[in-house]
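Asker: coordinates for the following, if possible.
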Amino acid sequence: MIRRLFVSLCLLSLAACGPVDRDGERLSSYETDATEALVREILRTLPDPNPGVPKSYAISLGEIVPNRDYTAASVPFMKRFEDLKLRLISASVLTTIQPDNTIVDPEQRIAAYVIQVRKMKATSATTWEYEAAWSYKKHFQRTTWQVTQQGTQYSAKELSLLEGNWKPQAPAGS
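Answerer: Next up, the predicted model:
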């Protein structure tokens, strides 16, 4: 009886913590003003491989493991981006379509950008380093970023490309 109680308490405490990153940091702790600034900058600078085609956007936190659900950003965190007038959906509802397993918004059946905040580390009281990525259809990029706070303002700066296959198209006639 005591053993069952102990096992139940352990399982309950693990469930209360929620998903964590590689370093044991709770992914819910990623949902900060600094991360908002990062995601806004990523959204602002996303390439558009299919101009004029409607798109959806999803934000995932932590690692994306094949054949497992994404850890989606919370609804309150996603509501911070309502002013952008983009179709933001939960990463937990994303699905794929054939023939090439394109990630789509299941309601509208359109390709979705997935913004992944993979890792976050405070380097000082006002500076954070991130590893973040985006993907759209077969295109993707993973980069390191630095977010700095000055007063109540946050600024995000891309530091380096880690990997990716996005190559901007040359303008017509070049």
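Asker: beta-bridge partners for the residue most central in space within the chain, please?
Answerer: Centrality entry for the chain: nearest residue to the mean C-alpha point is Gln116, 2.5 Å, by Cα atoms, centre = their mean. On DSSP bridges, the residues paired with Gln116 through beta bridges are Ser60, Ala133.
Asker: neighbours of Tyr51, how many?
Answerer: Slight slip there: residue 51 is Pro, not Tyr. By the criterion of other Cβ atoms under 10 Å, Pro51 has 6 neighbours. Where you see a C-beta, it was placed from the backbone N, CA and C, and this is true even at glycine.
Asker: give me the pLDDT for it.
Answerer: pLDDT, Pro51: 91.
Asker: residue contacts, it?
Answerer: By Cβ atoms under 8 Å, 6 or more residues apart in numbering, no residues touch Pro51.
Asker: report the secondary structure element holding it.
Answerer: Secondary structure from DSSP states H and E places Pro51 outside every helix and strand.
Asker: ok so, going back, next up, the contacts around the residue nearest to the centre of the chain.
Answerer: 59-61, 64, 132-135, 142 are the contacts of Gln116 under Cβ under 8 Å, 6+ apart.
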